[in-house]
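Engineer: missing the sequence, but the structure's below:
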């Protein structure tokens, strides 16, 4: 089971990068082979239909698309901006989805979210569901939401709260099992 | 009553640009003075917290912010991408909202949407409500949605369907009256 | 300025009833005259198109409709059930909206939400926006959300946290001023 | 593969009942064994926390719960009321979810929607996703939406449009295959 994973933040010290790192380790413990990408690898312009006609889907979006195509399933840790999906992530979805069918069609996905807010980043992950589902992703019902993320990690990058760490393990292992059931037999 | 208006599409022949042009004319007939912008004027990078720390809000987002600040109310015609807000528009909201309070706080807004689809672009405009409202915009309940937009305009750019044209006039005039009631007396 | 207000919970000791009581007092201090209803007054069946054809809109929904019609603006405190609007409130909206135009069309509204959860009940109030807005309500962008509501009230029913109490006052006073601006001159 | 299916409308001549009937036949052709219920079998009051404390989950909600528990997967055809989930369906979800875990936790589900409107009932089905997913349902990404449903059926109850009929077959067969992959081996 090959899993593609990235945090939808360009910021280097992003809480979502830290959370994703732990989710990747949990997925590996659950037996997945993980392609762990950096969102900065997929540099792309803002979507412009004229650019698309003139020069096609930009290289960064093509690279992102190929990484999805090479995987059986995916995990995205996403910030919440203004109670919704980050424009950066939505722009990437918009570009990649211009090649039909979308690279994630029929692939299981898990959304995670870290936020310094006390209410977490659930609404960002929630707003990401519609565009991913309408283009065919099979999103796991669980969303792992980490609130007060500015106080959640120790210096080694682990979660301070052991119960939260156990919950992350459980959610990710549940997702890996789910993705295996949906993976086409080879 | 000064109204700031733009179509959230970079494409030059965008249906939303065409629709916005008609909405601007309707607003002027209703007595508004309109600052009609081209979304291409607000060139900006994808949101990156490290860029923000290093060099602040980029010039294009600053220009967009100032145009909102100079107006009493606003109209945005937005495409729908993948049943949601375009990444381009969300990215602009994300950047501009980094200066508190958001430039549109307390300002009445009208959303419009044109789409070649038979069901129109309502879901794009609908997904734009949450980020604008949580940052303080007072969105008018009406949304003008133009379906099958590829067949909706004649060569002069007017709406072929007279009933649809009358409805646009009515919605925009209703919005201008609404915005006048909320404008602070000077 | 006549304000109609109710908490969308049938439970007698509902946190939303307690929160609404404080919001009503704040509205009165801001100069509004408030019609403070109990949701139990509007007993009605689940929506059934056959019942509507046979016997029209039921009496409880008619009473609810008349209370909206008699007011210039409204406040609803709503629980969140399963990350969405309560079925009870949605059912009331469904029945009342069968008389066109909806009784709240063109009327300013404020949503509030209390929840024992640490993340509050924002998603319930958020899910209530679409059905109210599409039927013409002018919802204020602010939503007052009270988290950990099981610990938020003292024995007299006041908010324990003085900062939260001040915020409630400010949000409600802001809404009353907003509603006054939109009230038709008589 | 046992499939539980119902249309979330109490109206006897409901378009969603007609659509569901065809979906049930398609599921049977795809090899599923279907428990086809009538929403009227699950008569229940509006949710009231005091009623729950005094007398538990009402009999109609208990019956609905047991039907979900007895199935491997489910299909719901739902109307759209006021751009959102019907209060009737949400009320049923609210009651049934009071028994933990929700009866549909871990079970694959397909949503369908019929509407006389030209834009279909997608927003009703879309608003049903959040409460079902947060309580653990695994919703298939496809939603079958039937627009202009008042003209869609012939006298025998079949779809007039052969392409639409083929699409329904394809969506339902895809869902049945999906549900089989997720069914626990016995």
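Structural biologist: Done, it's in. Model, not experiment: these values are computed from the prediction.
Engineer: From here on, just use CA atoms for contacts and neighbour counts.
Structural biologist: Will do.
Engineer: for chain A, longest helix please?
Structural biologist: helix A:162-182 (DSSP state H).
Engineer: Can you give me the buried ones in that one?
Structural biologist: A:168-169, A:171-173, A:175-182 (16 or more other C-alpha atoms under 10 Å in any protein chain shown).
Engineer: ok, and of those, which contact chain B?
Structural biologist: Residues of the buried residues of helix A:162-182 in contact with chain B (C-alpha under 8 Å from any C-alpha of the partner chain): none.
Engineer: got those as CSV, with pLDDT and distance to chain C columns?
Structural biologist: Formatted as CSV, the buried residues of helix A:162-182 follow (pLDDT from 0 to 100; distance: C-alpha to the nearest C-alpha, whole Å):
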residue, pLDDT, distance to chain C
A:168, 98, 19
A:169, 98, 22
A:171, 98, 19
A:172, 98, 22
A:173, 98, 24
A:175, 98, 21
A:176, 98, 25
A:177, 97, 25
A:178, 97, 23
A:179, 97, 25
A:180, 96, 28
A:181, 95, 27
A:182, 94, 27
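Engineer: Confirm residue A:105 sits in a helix?
Structural biologist: No. Counting by DSSP: H, G, I helix; E, B strand; the rest coil, residue A:105 is not part of a helix but coil.
Engineer: How about it, nearest residue that isn't a chain neighbour?
Structural biologist: residue A:136 (4.1 Å; C-alpha to C-alpha, 6 or more residues apart in numbering or on different chains).
Engineer: so what's the most centrally placed residue in chain A bridging to?
Structural biologist: In chain A, the residue lying closest to the centroid (C-alpha atoms, centre = their mean) is residue A:76, at 0.8 Å. Assessed by DSSP bridges, residue A:76 has beta-bridge partners residue A:6, residue A:111.
Engineer: Tell me which residues touch it, please.
Structural biologist: Counting by C-alpha atoms under 8 Å, 6 or more residues apart in numbering or on different chains, residue A:76 touches A:5-8, A:20, A:109-112.
Engineer: Then residue A:114?
Structural biologist: Taking C-alpha under 8 Å, 6+ apart, we find residue A:114 in contact with A:15-16, A:19, A:77-79, A:120-121, A:145-149.
Engineer: Chain C contacts on chain A?
Structural biologist: By the rule C-alpha under 8 Å from any C-alpha, the part of chain A lying against chain C is A:118-120.
Engineer: any weak-confidence spans in chain A?
Structural biologist: A:184-186 (pLDDT under 70).
Engineer: change it to 90
Structural biologist: A:118-122, A:183-186 (pLDDT under 90).
Engineer: show me the biggest strand of it in terms of residues.
Structural biologist: Secondary structure assigned by DSSP state E gives strand A:138-146 as the longest strand of chain A.
Engineer: quick one: that one near chain D?
Structural biologist: Yes. Interface with chain D: strand A:138-146 contributes A:138-142 (C-alpha under 8 Å from any C-alpha).
Engineer: can you tell me if that strand touches chain B.
Structural biologist: No. Applying C-alpha under 8 Å from any C-alpha, one finds strand A:138-146 separated from chain B by no less than 15.2 Å.
Engineer: Name the residues of chain A found near chain D, please.
Structural biologist: A:133-142, A:178, A:181-182.
Engineer: Please identify which pair of these lies farthest apart.
Structural biologist: Largest separation among the residues of chain A next to chain D by C-alpha to C-alpha: A:134 and A:181, giving 21.6 Å.
Engineer: Could you find the closest non-adjacent residue to the residue of chain A found nearest chain C?
Structural biologist: Chain C sits closest to residue A:119 of chain A, with a gap of 4.4 Å, by C-alpha to the nearest C-alpha. Counting by C-alpha to C-alpha, 6+ apart, residue C:119 is the residue found nearest to residue A:119 once chain neighbours are left out, at 4.4 Å.
Engineer: Looks to me like that neighbour is in a strand.
Structural biologist: No. Assessed by three-state DSSP, residue C:119 does not belong to a strand; its assignment is coil.
Engineer: Let me see the contact set for it.
Structural biologist: Taking C-alpha under 8 Å, 6+ apart as the test, what residue C:119 contacts is A:118-120, C:147-148.
Engineer: buried ones in stretch A:22-33?
Structural biologist: Residues of stretch A:22-33 classed as buried by neighbour count (16+ other C-alpha under 10 Å): A:22-28, A:30, A:32-33.
Engineer: tell me the contacts of residue A:170?
Structural biologist: Contacts of residue A:170 by C-alpha under 8 Å, 6+ apart: none found.
Engineer: May I have the phi/psi pair for the nearest residue to residue A:60 once chain neighbours are set aside?
Structural biologist: Excluding its sequence neighbours, the residue lying closest to residue A:60 (C-alpha to C-alpha, 6+ apart) is residue A:42, at 4.2 Å. Torsion angles at residue A:42 (phi, psi; degrees, to the nearest 10) stand at phi -110, psi 50.
Engineer: Please, which helix or strand holds the residue lying farthest from the centre of chain A?
Structural biologist: Residue farthest from the centre of chain A, counting by C-alpha atoms, centre = their mean, is residue A:54 at 29.6 Å. Using DSSP states H and E, residue A:54 sits in helix A:49-55.
Engineer: Residue A:53: neighbouring residues, count only.
Structural biologist: Per other C-alpha atoms under 10 Å in any protein chain shown, the neighbour tally for residue A:53 reads 9.
Engineer: before we move on, the earlier item: between the residues of chain A next to chain C, which sits nearest residue D:105?
Structural biologist: residue A:120 (23.2 Å).
Engineer: What residues does the nearest residue to that closest one once chain neighbours are set aside make contact with?
Structural biologist: What sits nearest to residue A:120 in space, not counting adjacent residues and going by C-alpha to C-alpha, 6+ apart, is residue A:147, at 3.9 Å. The contact partners of residue A:147, by C-alpha under 8 Å, 6+ apart, come to A:114-121.
Engineer: now with 6 Å?
Structural biologist: A:115-120 (C-alpha atoms under 6 Å, 6 or more residues apart in numbering or on different chains).
Engineer: now these: which count as buried?
Structural biologist: By 16+ other C-alpha under 10 Å, those give A:115-116, A:119-120 as buried.
Engineer: Look up phi and psi at the residue nearest to residue A:120.
Structural biologist: According to degrees, to the nearest 10, residue A:147 has phi -90, psi 170.
Engineer: Give me the distance between it and chain B.
Structural biologist: Computed as C-alpha to the nearest C-alpha, to the nearest Å, the residue A:147 to chain B distance reads 19 Å.
Engineer: ok, that residue to residue A:115 distance?
Structural biologist: The spacing between residue A:147 and residue A:115, counted by C-alpha to C-alpha, to the nearest Å, is 5 Å.
Engineer: So for residue A:18, what's the nearest residue that isn't a sequence neighbour?
Structural biologist: Nearest one to residue A:18, counting by C-alpha to C-alpha, 6+ apart, is residue A:157 at 6.6 Å.
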